[in-house]
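Colleague: This is a predicted model, with the sequence first.
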Amino acid sequence: MREKMLEEEGGENGAVAVDPRLKAISESIRVVPHFPKPGIMFNDITTLLLHPGVFKDAVDIFVDRYRHMTISAVAEARGFIFGPAIALAIGAKFIPLRKPKKLPGEVISEKYVLEYGTDCLEMHVGAVQPEERVIVIDDLVATGGTLCAAIRLLERAGAEVVECACLIGLPKFKPLTKADYAGHGYCRLNGKPVYVLVESRQ
């Protein structure tokens, strides 16, 4: 298992240490074989939510990262588990991105392709204002299709998407070191960096 590495301050060649909270986060995620279809190893975060301390640690790591980045809004599709908590902690508004016919007001929509068909995200008109700085949250990034659609939707409304943040990433979205963020080939979606806490378990 690869884990997000945190570089300690002090010294030109600062030692690299693993945040001890990440081991518990990774181990609290249950792997369900062959769900929702044969061959899929489903990473179930509901077991993490049964451990308040671990859940809090995951939220706190995101909050520590974004607290001083002048973030105006946190957007999240689907579960809305991490986004609202992060938004409250950093003093930002929360924007739910929903499937069609789930939002009651006027919406803008963005279709995207899945391996088995197409899907669509919608957002209320006026939820985000031009030039507002937004982060996009998802519990897991696999192909990146949902995140890319979210980025396009927010940018069409004039927002500045700063980064995507995910609890779990498949190996191609491996957790990043501080050196990666200095420009050594870290992963991007639609030109935006993807920040991942732990790699998916198999």
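Modeller: Noted; the coordinates are in hand. Numbers count the residues shown, from 1 in each chain.

Colleague: Outside of the biggest helix by length in the chain itself, list whatever touches it.
Modeller: When the chain is parsed with DSSP state H, its longest helix is helix 52-66. Here helix 52-66 makes contact (CB atoms under 8 Å, 6 or more residues apart in numbering) with 19, 21-22, 24-25, 28, 48-49, 82, 85-86, 89-90, 135, 137, 165, 167, 195, 197. Where you see a C-beta, it was placed from the backbone N, CA and C, and this is true even at glycine.

Colleague: Parallel or antiparallel, which strands does the following helix or strand past it pair with?
Modeller: Remark: after helix 52-66, the chain's next helix or strand is strand 73-77, criterion DSSP states H and E. Looking at strand 73-77 with DSSP bridges, its partner strands are strand 93-97 (parallel), strand 133-141 (parallel).

Colleague: Give me the angle between strand 73-77 and helix 52-66.
Modeller: Interaxial angle, strand 73-77 versus helix 52-66 (axes from the mean of the first three to the mean of the last three CA atoms, to 10 degrees): 130 degrees.

Colleague: right, so the strands paired with strand 73-77: which one is the most enclosed?
Modeller: Burial of the strands paired with strand 73-77 is given as mean neighbour count (mean count of other CB atoms under 10 Å); strand 133-141 ranks first at a mean of 24.

Colleague: chain center to that strand, what's the gap?
Modeller: 3 Å (CA atoms, centre = their mean, to the nearest Å).

Colleague: For that strand, C-alpha coordinates in CSV please.
Modeller: Written as CSV, here are the backbone C-alpha positions of strand 133-141 (Å, rounded to 0.1, in the frame of the first residue of the first chain):
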residue,chain,number,x,y,z
ARG,A,133,-12.1,29.2,-5.8
VAL,A,134,-13.5,25.7,-5.6
ILE,A,135,-12.2,22.3,-4.6
VAL,A,136,-14.0,19.1,-5.8
ILE,A,137,-14.4,16.2,-3.3
ASP,A,138,-15.0,12.5,-4.1
ASP,A,139,-14.6,9.5,-1.9
LEU,A,140,-12.8,7.5,-4.7
VAL,A,141,-11.2,8.3,-8.0
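
Colleague: Enumerate every residue touching Glu122.
Modeller: 97-100, 102-103, 107-110.

Colleague: Any of those buried? List them.
Modeller: Buried members of the contacts of Glu122, counted by 16 or more other CB atoms under 10 Å: 97-98, 103, 107, 109-110.

Colleague: No more questions from me, cheers.
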